[in-house]
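Asks: sharing a model prediction with you, sequence too.
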Amino acid sequence: MKPTDISAPDYFHKVVDCQWACPAHTPVPEYIRLIAEGRYSDAYMINWKSNVFPGILGRTCDRPCEPACRRGRVEETPVAICRLKRVAADFKDDVRHRMPRPVAKNGKRIAIVGGGPASLTVARDLAPLGYHCTVFDSDPKAGGMMRTQIPKFRLPDQVIDEETDYILNLGIEFRGGQRIDSLKKLLGENYDAIFVGSGAPRGRELDIPGRKEAAKNIHIGIDWLSSVSFGHVEKIGRRVIVLGGGNTAMDCCRTARRLGGEDVKVIVRSGFEEMKASPWEKEDAIHEDIPILNFMVPKAFTHDNGKLTGVTFEKVRAEYDARGRRSLVPSGEPDQTIECDDVLVAVGQENAFPWIERDLGIAFDKWDMPVVDKVTMASTHPKVFFGGDAAFGPKNIIWAVAHGHDAALSIHKLLSGEDITERPLPDVQISSQKMGIHQWSYDNDISADRRYKVPHRDKVVALKDIRAEVELGYDVKLALGEAQRCLNCDVQTVFAAPLCIECDACVDICPMDCITFTQNGEEADLRQRLKAPSPHLDQALYVADGLKTGRVMVKDEDVCLHCGLCAERCPTGAWDMQKYLIDMVHADTSCPSKRRSAA
């Protein structure tokens, strides 16, 4: 194998699995170390730079970082990365003075349709560069689906107000209560660029017999949640059925419990493990005495002269073909009718673009979705960009933030006369963690503690108040304990072959057997000769040549825990622990504009 080029920006970025998995590439280990030091405001600002909404995401993110966490390779549960993000938000000081200041306008005007996370990210990135950003939203306050579709017992209004205000106070014009009904008209107002972040505003219908007749007590989930959020709905029937297996269904059933639903059931066509809802969302629903019934497909709404009486289900089972593709087939059991007073339909969301005329040069695909470049977020119209759910369908807030960063960078490059397809490399900063030859400026002790549970409000109390936040968050002591579980994956083991005397001290002390000194060879052959099995071909091998014996040092990045014992044991200093701070380049001025060399 060729020696590893560790100066390539993405090499060590990929080794920091949590950051690589985060769509916004938040420097997770860095902010966790700051939390451990009690520097909550600094931890918050590092988050704000990348993911824009630390307090919101610390409560609602779908946590793509956590399955990637290396802690999960040595025990069952990863570090509670998401809930530590909330710690930074909960315990920070007043950070308003640390936010970018409004600047003089540069004469360029940007129209932003929708006031959700993707749109606000675009505005946050562009406003500090002098762009006049105007955000249009049909709702009176900013936040989009964060405000209207996430229940207050999960995400209080004050958290949304605080973090949307940080952005709006950058000199952004917010036109709440102003719906955009024509993109053609908006284009005619001579904006230099337009960003569409209007979300996926329409819940999917369930067109089965009885839908029209019993319509009074059959509600589309996301619309119903919005009505609850704005105070238009304050009660529901005693017996409630929620149809659907995603996070919206979990929000619907838990909200129904708080509005008078004593007998609330979630009924899903798939198996429990195949549900799209996050595992913790399902756990919270079950904890609140909401059963989840699986492999039941709704066939009809039953009614008595227009009054809903129940739902009839066909029972199914899963079958898999030779390729592992699943299909649901009738189980042969009799249909089952379950009585209810109300039904909440949460079987998916879809985009709706009746306000975008089809003669503007914006291409739509066969699903009536805009054709959007996945890197630049550009549509086929040179001035129009999309992001968030409006671009690729419903996902989580963190994905919308990532889209917003990418779109803002494209808009900035477009209006600067640059090629929007040329994306800047990330900024990489390297610093040795040595204090003396065998001491480090960070705590590299590996905690043996299991994941700490987040305290919850008493269930009886929580179910009485729809605005009482259920998760109470970590206190300082719990946060410190959980932070200590982080393995500091951004502090890399860096090897200098000319200093090595091949004494094998590092090999002997390595607790994971991830270091091997051997003859070079093709990768497949080399993987067979490592001290520990190396089955994960998607994980890199760190190969260094230049040893006096002609051998190579091979370290399996998949196994290494970054404990630093190799560097502590090495008598010559051939191993060093170096912190790689990888900063993705966005359009705003709080992010670097040039990449420093990683060499």
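Replies: Looks like it came in fine.
Asks: residue contacts, the residue lying closest to residue 276 once chain neighbours are set aside?
Replies: Closest residue in space to residue 276, ignoring its immediate chain neighbours: residue 246 at 4.2 Å, by CB to CB, 6 or more residues apart in numbering. C-beta here means a position set from N, CA and C on the backbone, and glycine is covered the same way. Applying CB atoms under 8 Å, 6 or more residues apart in numbering to residue 246 gives the contacts 275-277, 346, 348.
Asks: where does confidence bottom out across those?
Replies: Across the contacts of residue 246, the bottom pLDDT score, 90, is held by residue 348.
Asks: SS state for residue 31?
Replies: helix (DSSP: H, G, I helix; E, B strand; the rest coil).
Asks: show me what the lengthiest strand in the chain is in contact with.
Replies: Ranked by residue count, the top strand of the chain under DSSP state E comes out as strand 307-320. With CB under 8 Å, 6+ apart as the test, strand 307-320 has contacts from 210, 214, 216-218, 241, 243, 267, 269-271, 274, 295-303, 326-331, 333-343.
Asks: swap in stretch 63-79?
Replies: Contacts for stretch 63-79 (CB under 8 Å, 6+ apart): 17-23, 26, 28, 32, 80-82, 278, 398, 450-451, 482, 485-487, 489, 558-559, 561-562.
Asks: among the contacts of strand 307-320, which are in strands?
Replies: In this view, the contacts of strand 307-320 that belong to strands under DSSP E are 218, 241, 243, 267, 296-303, 326-330, 336-339, 342-343.
Asks: quick one on the thing from earlier: what lines up beside the longest strand of the chain in the sheet?
Replies: The sheet places strand 307-320 alongside strand 296-304 (antiparallel), strand 326-330 (antiparallel), strand 336-339 (antiparallel), with pairing taken from DSSP bridges.
Asks: most packed of those?
Replies: Most buried of the strands paired with strand 307-320 by mean neighbour count (mean count of other CB atoms under 10 Å) is strand 296-304; its value is a mean of 18.
Asks: helix, strand or coil: sort out residue 409 for me.
Replies: Residue 409 ends up helix, using three-state DSSP.
Asks: thinking it is in contact with residue 421, fair?
Replies: No: when contacts are counted by CB atoms under 8 Å, residue 409 is not listed as touching residue 421 (11.1 Å).
Asks: what's the distance between the closest residue to residue 445 other than its chain neighbours and residue 135?
Replies: Leaving out its chain neighbours, the residue that sits closest to residue 445 by CB to CB, 6+ apart is residue 484, at 7.8 Å. Distance of residue 484 to residue 135, given as CB to CB, to the nearest Å: 41 Å.
Asks: and these two? Which one has more around it.
Replies: residue 135 (28 against 17; other CB atoms under 10 Å).
Asks: ok, the helix or strand of the chain with the lowest mean pLDDT: who's next to it in the sheet?
Replies: Ranking every helix and strand in the chain by mean pLDDT, DSSP states H and E puts strand 427-432 at the bottom, with a mean of 76. When pairing is defined by DSSP bridges, strand 427-432 lines up against strand 575-583 (antiparallel).
Asks: the strand it pairs with: how far from the chain's middle?
Replies: Relative to the centre of its chain, strand 575-583 is centred 24 Å away, using CA atoms, centre = their mean, to the nearest Å.
Asks: can you give the contact residues for that strand?
Replies: Under the contact criterion CB under 8 Å, 6+ apart, strand 575-583 has outside partners 9, 12-13, 16, 19, 25, 27, 30, 426-434, 440, 442, 444, 490-496, 506, 562, 564, 566-567, 591-592, 598.
Asks: keeping just the C-alphas, turn that strand into PDB.
Replies: Extracted in PDB, the C-alpha atoms of strand 575-583 (Å, rounded to 0.1, in the frame of the first residue of the first chain):
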ATOM      1  CA  TRP A 575       4.200   8.800  18.200                       C
ATOM      2  CA  ASP A 576       2.500  12.100  19.000                       C
ATOM      3  CA  MET A 577      -1.100  13.000  19.900                       C
ATOM      4  CA  GLN A 578      -2.200  15.900  17.600                       C
ATOM      5  CA  LYS A 579      -5.600  17.600  17.700                       C
ATOM      6  CA  TYR A 580      -7.100  18.000  14.200                       C
ATOM      7  CA  LEU A 581      -9.700  20.800  14.300                       C
ATOM      8  CA  ILE A 582     -11.500  20.500  11.000                       C
ATOM      9  CA  ASP A 583     -13.700  23.500  10.100                       C
END
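Asks: in that strand, what's buried?
Replies: Neighbour counts using 16 or more other CB atoms under 10 Å place 575-583 of strand 575-583 among the buried residues.
Asks: please spell out the PyMOL selection for the buried subset of the contacts of stretch 63-79.
Replies: With 16+ other CB under 10 Å as the criterion, this PyMOL line picks the buried residues out of these:
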select buried, resi 17+18+19+20+21+22+23+26+28+32+80+81+82+278+398+451+482+485+486+487+489+558+559+561+562
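Asks: looking at the contacts of stretch 63-79, which are in helices?
Replies: Under the assignment DSSP state H, the contacts of stretch 63-79 contribute 17-21, 28, 32, 81-82, 398, 482 to helices.
Asks: which two from the residues you listed end up farthest apart in space?
Replies: The span of the ones in helices among the contacts of stretch 63-79, defined through CB to CB, is set by 20 and 482 at 21.2 Å.
Asks: for the one residue sitting closest to the centre of the chain, give me the pLDDT.
Replies: With distances taken as CA atoms, centre = their mean, the chain has residue 398 as the residue nearest its mean C-alpha position (3.6 Å). In this prediction, residue 398 carries a pLDDT score of 97.
Asks: that one and residue 200, how far apart?
Replies: From residue 398 over to residue 200 (counting by CB to CB), the distance is 16 Å.
Asks: which helix or strand contains residue 134?
Replies: Here residue 134 sits within strand 132-137, counting by DSSP states H and E.
Asks: quick one: contacts of that strand?
Replies: With contacts defined as CB under 8 Å, 6+ apart, strand 132-137 is touched by 105, 107-115, 119-120, 122-123, 126-127, 142, 144, 168, 172-180, 191.
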